[in-house]
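Visitor: Predicted model, plus sequence, below.
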Amino acid sequence: MSATWNEATPPNGAWRPRSGTKPATRTAEQDKAAGGREWRRLPLADGRTARASMSLRLYRRTRRIRAYLRWSDQGVTQERYVGEVTQATRAENLQEAWRKAHATGMLSPPMRANKPTADPTRESWASSLATRAVMRSNRSRDTKPELLLRSRLHAMGLRYRVNYRPMSGLRRTADLVFSTARVAVFVDGCYWHGCPEHHRPARTNSDFWRTKIDRNKQRDAETDRLLAESGWRVIRIWEHVAPDDAAQAVAEVIRSRQR
């Protein structure tokens with residue numbers, strides 16, 4: 001499963017704008033990330049509106065990037081917390097932040113012919129209630145399947161690292177890492193990783209979601225290959241697998257590599 005940054009500090013390119021960037025360039029960056037300038041419209045009191053911008057900040061204590069919506073109201077700068085973003089580049093994090101802001105209703109859709117247009121960020125990102133429900137249930141760490149597996153393994157006397165990069169030079173985070181045995185465990189969500197038994201393709205925006213899931217599967221395969229080439233044993237467990245069965249499978253591999 002993907003994980004938010006917490007073991008290592010995110011690179012500057014994931015959140016900080018380039019030094020010396022001209023105001024016009026920054027405006028264009030915000031417009032592109034939001035889906036167009038009209039999608040940056042923020043409702044104010046008395047029917048007024050403001051054009052908002054998205055600010056990304058790195059909190060070094062937690063090593064996470066937070067997004068804030070900023071705007072000016074009668075000359076006073078204000079801001080509102082949007083949420084954490086976890087993408088690899090600033091452009092992707094800005095897009096994720098704008099999507100979150102629209103999803104929570106912070107912004108107003110543009111008006112065309114006295115009617116609000118459809119929100120492109122919602123249509124492209126999660127255009128059905130069912131898909132948005134799946135997204136809301138998706139967590140980057142400490143999911144129920146992970147917690148149950150960890151509990152079983154701990155009861156077996158096995159110790160491990162949680163949400164840890166097996167290889168320092170590889171930007172891949174495993175859900176559980178057994179450093180001595182060189183075993184990396186990934187607990188994969190059925191939807192996001194394309195489970196052959198339980199994955200049900202989205203009916204709305206099917207091309208978008210199919211491409212996204214295919215990329216996740218390709219990344220998983222690449223991760224497995226890179227770790228295996230460096231002497232690691234990769235174990236992938238679908239979230240639907242019974243915790244006891246999953247723990248037993250992991251324990252058998254760990255013990256076999258410790259002999």
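Guide: Alright, I've got the coordinates.

Visitor: make it CA atoms for all contacts and neighbour counts henceforth
Guide: OK.

Visitor: What ranges does this structure have for its helices?
Guide: Ranges of helices within the chain are 23-34, 90-103, 120-125, 129-137, 144-155, 206-229, 243-258, based on DSSP state H.

Visitor: Just say which of these is most tucked in.
Guide: With neighbours taken as mean count of other CA atoms under 10 Å, the helices of the chain reach their highest mean count in helix 90-103, at a mean of 21.

Visitor: Low-confidence regions, the stretch 1-150 of the chain specifically.
Guide: Residues of the stretch 1-150 of the chain meeting the criterion pLDDT under 70: 1-7, 109-141.

Visitor: And the contacts of stretch 228-241?
Guide: 145, 182-190, 195, 224, 227, 246, 250 (CA atoms under 8 Å, 6 or more residues apart in numbering).

Visitor: among the helices of the chain, which is nearest Val162?
Guide: Judged by CA to CA, the one of the helices of the chain that comes nearest to Val162 is helix 144-155, at 9.0 Å.

Visitor: Look at Thr173 and say how many residues are nearby.
Guide: The tally of other residues near Thr173 (other CA atoms under 10 Å) stands at 24.

Visitor: hang on, it packs against Arg165?
Guide: Yes: counting by CA atoms under 8 Å, Thr173 touches Arg165, with 4.4 Å between them.

Visitor: quick one, which of the helices of the chain is nearest to His199?
Guide: Using CA to CA, those put helix 206-229 closest to His199, at 9.9 Å.

Visitor: Show me how far that closest one is from its chain's centre.
Guide: In terms of CA atoms, centre = their mean, to the nearest Å, the centre of helix 206-229 is set 15 Å apart from its chain centre.

Visitor: Distance to Ala50 added to the helices of the chain, as JSON lines?
Guide: Output for the helices of the chain, formatted as JSON lines (distance: least, CA to CA, whole Å):
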{"stretch": "helix 23-34", "distance to Ala50": "14"}
{"stretch": "helix 90-103", "distance to Ala50": "15"}
{"stretch": "helix 120-125", "distance to Ala50": "19"}
{"stretch": "helix 129-137", "distance to Ala50": "27"}
{"stretch": "helix 144-155", "distance to Ala50": "41"}
{"stretch": "helix 206-229", "distance to Ala50": "31"}
{"stretch": "helix 243-258", "distance to Ala50": "50"}
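
Visitor: Quick one, which of the contacts of stretch 228-241 has the minimum pLDDT?
Guide: Checking pLDDT across these, the minimum falls on Cys190 at 84.

Visitor: Tell me who's in contact with that residue.
Guide: 198-199, 238-240.

Visitor: Can you pick out the ones from the residues you listed that are in strands?
Guide: Those of the contacts of Cys190 mapping onto strands are Trp238, per DSSP state E.

Visitor: Out of the contacts of Cys190, which comes closest to Ile213?
Guide: Set against Ile213, the nearest of the contacts of Cys190 by CA to CA is His199 (9.9 Å).

Visitor: Would you enumerate the residues in contact with the closest one?
Guide: His199 sits in contact with 190-191, where contact means CA under 8 Å, 6+ apart.
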